[in-house]
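Participant: A predicted structure for the sequence below; I have some questions about it.
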Amino acid sequence: MFIYIKYMVSLRCKMVVRQELQKLGLHYVNVDLGTVEILEKITDLQKEQLHKNLKVFGLELLDDKRKIIIERIKSVIIEMIHYSEEMPKVNYSDYISEKLGYDYTYLANTFTEVKGITIQQYIILHKIERVKELLLYDEVNLTEISYMLHYSSVSHLSNQFKKVTGLTPSFFKKLKEKRKGNLEDL
């Protein structure tokens, strides 16, 4: 049996869900971002208690089919961009469709209807968040970042970064260094 959980976007969330399932005596097969597979059928009482327990941590059980699909799409994208060692070599549309087992057109239309943006726009927003994260860690340069995130070039990444943030990647990095310098002066 599958349970779908909204706002489950980090490894910490996965830990919380595992703990709450164990408290209720539920045995899980797999806990992924947004999706939990449990061995037994969950009772209404267990479901209500799980809902209450997860809400304390900002997580929410999902019942509505469209909301479940949206959360599953978001989870696949977040996992792909933020937690995978390497981005998929196939088109994102093929990757998402294959992971979720639905036709991409159906997924894209549902996502746009509910979220008001396209899946592609959502991917771009998360890729830019990942770029910011990598720039802040200062372990890889912009060329390496563009390669890691499958941009066609550094200029493509830079243009997209500026379009989303209003800043160039180099200016963003300088702001970070300036803030770091100000903190060291304190």
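Facilitator: Looks like it came in fine.
Participant: Now the most centrally placed residue in the chain: phi and psi?
Facilitator: Nearest to the geometric centre of the chain sits Ile78, at 2.1 Å (CA atoms, centre = their mean). For Ile78, the backbone dihedrals (degrees, to the nearest 10) come out as phi -60, psi -50.
Participant: swap in Leu61?
Facilitator: Dihedral angles of Leu61 (phi, psi; degrees, to the nearest 10) stand at phi -70, psi 140.
Participant: and the spatially closest residue to it that is not a sequence neighbour, how many neighbours?
Facilitator: Using CB to CB, 6 or more residues apart in numbering and skipping residues adjacent in sequence, the residue nearest Leu61 is His51, 4.8 Å away. Any C-beta I mention is one placed from the backbone N, CA and C, and that applies to glycine too. Per other CB atoms under 10 Å, the neighbour tally for His51 reads 14.
Participant: three-state assignment of His51?
Facilitator: In three-state terms, and counting by DSSP: H, G, I helix; E, B strand; the rest coil, His51 is helix.
Participant: Could you check how far it is from Lys127?
Facilitator: 33 Å (CB to CB, to the nearest Å).
Participant: is it true that Lys127 lies in a strand?
Facilitator: No: Lys127 is assigned helix when assessed by three-state DSSP, not a strand.
Participant: Tell me which residues touch it, please.
Facilitator: 81, 149, 160 (CB atoms under 8 Å, 6 or more residues apart in numbering).
Participant: can you rerun that using 6 Å?
Facilitator: Residues near Lys127 by CB atoms under 6 Å, 6 or more residues apart in numbering: 81, 149.
Participant: so where is the chain shaky, pLDDT-wise?
Facilitator: 180-186 (pLDDT under 70).
Participant: Stretch 56-68: end-to-end distance?
Facilitator: The first and last residues of stretch 56-68 sit 20 Å apart, counting by CA to CA, to the nearest Å.
Participant: Run the chain-centre distance for it.
Facilitator: Distance of stretch 56-68 from the chain centroid (CA atoms, centre = their mean, to the nearest Å) equals 15 Å.
Participant: quick one: contacts of that stretch?
Facilitator: Taking CB under 6 Å, 6+ apart as the rule, stretch 56-68 contacts 4-8, 16, 51, 71, 110, 114.
Participant: go on, stretch 165-179?
Facilitator: Stretch 165-179 has contacts (CB under 6 Å, 6+ apart) with 135-136, 142, 158, 161-162.
Participant: among these, who's most crowded?
Facilitator: Phe161 (26 neighbours).
Participant: residues contacting that one?
Facilitator: Taking CB under 6 Å, 6+ apart, we find Phe161 in contact with 128, 131, 169.
Participant: what kind of secondary structure is it in?
Facilitator: With three-state DSSP as the basis, the three-state label of Phe161 is helix.
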